[in-house]
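Chemist: Quick one, structure for this:
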Amino acid sequence: MSDGLTRLMAQAIDGLRVNAVAFGERDGRPVVEKRRRALRTALFPGGNLFLRLSGSRIHMFTSASAWVEHELHCFALLHGPERACGPLDGGLFVERLPGRSLRELVIAGELDAAAMTAAGRELRRAHQLHCDRCDGPWSHGDPHLGNVLYDAEGGRAWLIDFETRHDPGQTAEARHADDLLVVLLELVGRCEAPGALAHALLAGYGAGLALEALRERLEVPRGLEAVLWSTRTHHMGRERLEGAVAELRGIVEGVGARGHAT
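Modeler: As a prediction, the model looks like this:
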């Protein structure tokens, strides 16, 4: 599949935004309101078929009520039940967390190692939480840069937007490696020199079985999985992507080796 065709397919998939987001205030505190967009549910079967065929290892919730239940559960697990406010007609609302998304920061040229280290630490913390729905340690499924907030004043990161989940039957290490891969792919797609930032993320996360599983995933795919990677890397060309992935592999091996040495 050519770079041009891969990019066109990826851009079409990027345009399928199923939820509308609004900011407001309830009972004196800032909240985020999320609702399903009208008529978008008809796209879910095709979207989930693409996710399955492209080896994404995740799926979207075709039922709005199942999505709301899952998102509120994850928000309460990670951030406390007092922040997972409740359902709305066709959606939900949660407390608005402090900070700016990593995507906002990278677009503004303000993403730094401190933010990435905090993101790595928060992913590690979240991955250590037991989740009955996962039948083991929790995982996000789609923690792209827009789904990670960084609060510079508080010095911590927050994970948000739990609209997908990993397919059942995967090991915790595979799910955690996939979460790290999603962050790293967008990072290399949006940054000219992502090496130091990728190292900060992985150093903040720490060595372990997830990094070993991640190293095995760092091979540029072909076919529909290449389309999936194109959506995650901001439509990066294959030649440049192969160089970036080779660099990532070296970083993963270095962080893992230091972890084993200690």
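
Chemist: from here on, contacts and neighbour counts on C-alpha atoms
Modeler: Will do.

Chemist: quick one: the strands in the chain?
Modeler: Remark: strands assigned in the chain by DSSP state E are 19-26, 29-36, 58-60, 86-88, 91-95, 100-101, 130-131, 136-137, 148-151, 156-159, 164-166.

Chemist: and the first one, how far out from the chain's middle?
Modeler: For strand 19-26, the gap between its own C-alpha mean and the chain's C-alpha mean amounts to 21 Å (C-alpha atoms, centre = their mean, to the nearest Å).

Chemist: before we move on, what about stretch 42-55?
Modeler: Relative to where its chain is centred, stretch 42-55 has its mean C-alpha point 18 Å off (C-alpha atoms, centre = their mean).

Chemist: What are the buried residues along it?
Modeler: Buried residues in stretch 42-55, defined by neighbour count with 16 or more other C-alpha atoms under 10 Å: F44, G47, N48, F50, L51, R52, S54.

Chemist: for stretch 100-119, same thing?
Modeler: Within stretch 100-119, the residues that count as buried by 16+ other C-alpha under 10 Å are 100-103, 105, 111, 113-119.

Chemist: What are the contacting residues of that stretch?
Modeler: 145-152, 155-158, 190-191, 196-198, 200-205 (C-alpha atoms under 8 Å, 6 or more residues apart in numbering).

Chemist: what's the span of that stretch from first residue to last?
Modeler: The first and final residues of stretch 100-119 sit 12 Å from each other (C-alpha to C-alpha, to the nearest Å).

Chemist: any idea of the mean pLDDT for it?
Modeler: Mean per-residue pLDDT for stretch 100-119: 98.

Chemist: quick one: that stretch to chain centroid distance?
Modeler: That offset, for stretch 100-119, works out to 14 Å (C-alpha atoms, centre = their mean).

Chemist: What of stretch 245-259?
Modeler: So, by C-alpha atoms, centre = their mean, the centroid of stretch 245-259 is 20 Å from its chain's centroid.

Chemist: For it, could you pull out the residues that count as buried?
Modeler: V245, E247, L248, R249, I251, V252, E253, V255, G256.

Chemist: Go ahead and produce CSV holding the CA coordinates of that stretch.
Modeler: Taking Å, rounded to 0.1, in the frame of the first residue of the first chain, the C-alpha atoms of stretch 245-259 are listed here in CSV:
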residue,chain,number,x,y,z
VAL,A,245,10.9,3.4,15.3
ALA,A,246,14.5,2.2,15.1
GLU,A,247,15.4,5.1,17.5
LEU,A,248,12.6,4.2,19.8
ARG,A,249,13.7,0.6,19.9
GLY,A,250,17.2,1.7,21.1
ILE,A,251,15.6,3.9,23.8
VAL,A,252,13.4,1.0,25.0
GLU,A,253,16.4,-1.3,25.2
GLY,A,254,18.4,1.3,27.0
VAL,A,255,15.8,2.0,29.7
GLY,A,256,15.1,-1.7,30.1
ALA,A,257,18.8,-2.6,30.5
ARG,A,258,19.3,0.0,33.2
GLY,A,259,16.2,-1.3,35.0
